[in-house]
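**Q** The following comprises the amino acid sequence and a computationally predicted model.
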Amino acid sequence: MVQPSVLIIEDDPSLRALEARLAGAAGFSVHTAEDGAQGIAAAVQLSPNLIVTDYHMPGMKAPEILATLRRLPGLDGVPVLVATAEPLELVGAELRRLGAHDIITKPFSPAAFKQQLRDCLGLDRPVAPPPAPVVAAPAPSPLLMVLAAAMELPGSSDSDAALRHVRRVGLVSAMIADKLFLDADLLAILTAYAPLHDVGKVSLPARLVRGGHRFSDGDRAEMESHTLLGAELLRRGGAPLLGQQIALHHHERWDGGGYPRGLQGEAIPLLARIVAAADVYDAMRSHRSYRPDLPPADVRRRVAGLRGNHLDPRIVDVLLAEGGLLDVIYVEHGDPSAELDLEVWR
Ligand SMILES: [Fe+2]
């Protein structure tokens, strides 16, 4: 690249002039635009190597600019750096999902701005690093799903209800992850290991796992150990740490009252928080012999009641907002006449 070019889209004249001057000092040939529409037109005309855009502008904001660029042939791969004063936790995930290459938070120092422009194009990398290994966690095979289901109900010859349960937990977990904009590597691990969250039950006596009776304190401790046993099985099987953590921590509670470690809030690994929510949600949505089926309004009320005590509030918000998608999962994979009670332990 002889001299890289950058297009700066910024409605504030003084900031636009400052960014242009800094970009020039960083070694770029510089073009500017005053708003999103002008910026898109300039990008089509100039095909710059890099685009820097403000987040908030009259007319098009950064998300719309990104979405438009990604639809334009020849511009769909151009790196875009978004400058914003918004909190990253509010806008970061959406910007990344829309293809933002990087984000710089205002106010920024001149040195940081110049360096970030150069970093976007890798201009100061002495040697191109080898490609990062892809975390390839394959989705579980149908055979593995059947075995995972059999582990939920050892000793049962009819594990169809259990199979639907592990499928639903996987599907609901994936839906939550999608709405939280988890990156592809995390999603792959979640998809592969969410159905195996209870794999440790295979090491427990069938009389405990089948339930349907009162538990002594000893029984309770033994049942709770399915989290530790499952994580150890997955470790020995070569599962990635994040996959092991799903089995280990899926009975932790947001308020710290869960097991086996009593972790609290964001100290609980995110994938385990997602599977915990999917598992609890599935228990509420499913048929149980010891209570009438819950009407949808009751399920929503109960889910809302778990916000911030049992479950991660952000995840509860997703469950409450995505009722339609969940209905589709439960119509296609529900238990219309399940006689097996899978909610044997919480
Ligand atoms: Fe469990």
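**A** Received, thanks. Residues are numbered from 1 along each chain as shown.
**Q** For the longest helix that the chain contains, buried residues please.
**A** Secondary structure of the chain per DSSP state H: the longest helix is helix 160-179. Using 16 or more other C-beta atoms under 10 Å as the test for burial, helix 160-179 gives 161-177, 179. All C-beta spots, glycine's among them, are computed from the backbone N, C-alpha and C.
**Q** Where do the helices of the stretch 201-346 of the chain begin and end?
**A** For the stretch 201-346 of the chain, the helices defined by DSSP state H, counting those that start in this stretch cover 206-210, 217-224, 226-236, 241-249, 270-285, 296-305, 313-321, 323-333.
**Q** And for the stretch 51-200 of the chain?
**A** Along the stretch 51-200 of the chain, the stretches classed as helices by DSSP H, counting those that start in this stretch are 62-71, 88-97, 110-120, 142-152, 160-179, 184-193.
**Q** Turn those into TSV, columns for distance to Ala17 and mean pLDDT.
**A** Putting these into TSV (distance: least, C-beta to C-beta, whole Å; pLDDT from 0 to 100) gives the following:
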stretch	distance to Ala17	mean pLDDT
helix 62-71	20	89
helix 88-97	24	86
helix 110-120	13	90
helix 142-152	59	68
helix 160-179	40	85
helix 184-193	39	89
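**Q** Which of these sits closest to Ser47?
**A** When the helices of the stretch 51-200 of the chain are compared by C-beta to C-beta, helix 62-71 sits nearest Ser47, at 11.3 Å.
**Q** Give me every residue in contact with the closest one, excluding its own residues.
**A** 9, 36, 39-40, 43, 51, 53-56, 60, 75-76, 78, 80, 82, 84, 94-95, 98-100 (C-beta atoms under 8 Å, 6 or more residues apart in numbering).
**Q** Export only the CA atoms of that helix, formatted as CSV.
**A** Provided in CSV are the C-alpha atoms of helix 62-71 (Å, rounded to 0.1, in the frame of the first residue of the first chain):
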residue,chain,number,x,y,z
ALA,A,62,-23.1,4.6,12.5
PRO,A,63,-25.2,1.4,12.6
GLU,A,64,-27.1,2.5,9.4
ILE,A,65,-23.9,3.5,7.7
LEU,A,66,-22.3,0.1,8.5
ALA,A,67,-25.4,-1.8,7.3
THR,A,68,-25.4,0.2,4.1
LEU,A,69,-21.7,-0.3,3.4
ARG,A,70,-22.0,-4.0,4.0
ARG,A,71,-24.5,-4.3,1.2
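**Q** Report the angle between it and helix 88-97.
**A** Relative orientation of helix 62-71 and helix 88-97, computed by axes from the mean of the first three to the mean of the last three C-alpha atoms, to 10 degrees: 10 degrees.
**Q** By neighbour count, which bits of helix 62-71 are buried? Give me those.
**A** The neighbour-count check on helix 62-71 (16+ other C-beta under 10 Å) flags Ala62, Pro63, Ile65, Leu66, Thr68, Leu69 as buried.
**Q** now stretch 51-60
**A** Within stretch 51-60, the residues that count as buried by 16+ other C-beta under 10 Å are Ile51, Val52, Thr53, Asp54, Tyr55, Met57, Met60.
**Q** how about these, which pair is most distant?
**A** For the buried residues of stretch 51-60, the maximum inter-member distance is 14.7 Å, found between Val52 and Met60 (C-beta to C-beta).
**Q** rewinding a little: buried subset of the contacts of helix 62-71?
**A** By 16+ other C-beta under 10 Å, the contacts of helix 62-71 give 9, 36, 39-40, 43, 51, 53-55, 60, 75, 78, 80, 82, 84, 95, 98, 100 as buried.
**Q** so can I have CSV of the buried residues of stretch 51-60 showing pLDDT and distance to Gly257?
**A** Below are the buried residues of stretch 51-60 laid out as CSV (pLDDT from 0 to 100; distance: C-beta to C-beta, whole Å):
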residue, pLDDT, distance to Gly257
Ile51, 96, 48
Val52, 96, 47
Thr53, 96, 45
Asp54, 95, 45
Tyr55, 94, 39
Met57, 92, 46
Met60, 90, 47
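**Q** Give me the below-cutoff pLDDT ranges for the protein.
**A** Applying pLDDT under 70 to the chain picks out residues 1, 126-147, 149-159, 210-213, 288-290, 335-346.
**Q** 80 instead?
**A** Along the chain, the parts satisfying pLDDT under 80 run over 1-2, 73, 125-163, 205-218, 286-293, 296, 323-325, 328, 331-346.
**Q** so what's Leu22 up against?
**A** Leu22 makes contact with Pro110, Phe113, Lys114, Leu117, according to C-beta under 8 Å, 6+ apart.
**Q** With Ala43 instead?
**A** Taking C-beta under 8 Å, 6+ apart, we find Ala43 in contact with Leu7, Ile51, Leu69, Leu72, Leu75, Val78.
**Q** 7 Å instead?
**A** Ala43 is in contact with Leu7, Ile51, Leu69, Leu75, counting by C-beta atoms under 7 Å, 6 or more residues apart in numbering.
**Q** Now do the second one against Thr68, distance only.
**A** Translated: Ile51. 11 Å (C-beta to C-beta, to the nearest Å).
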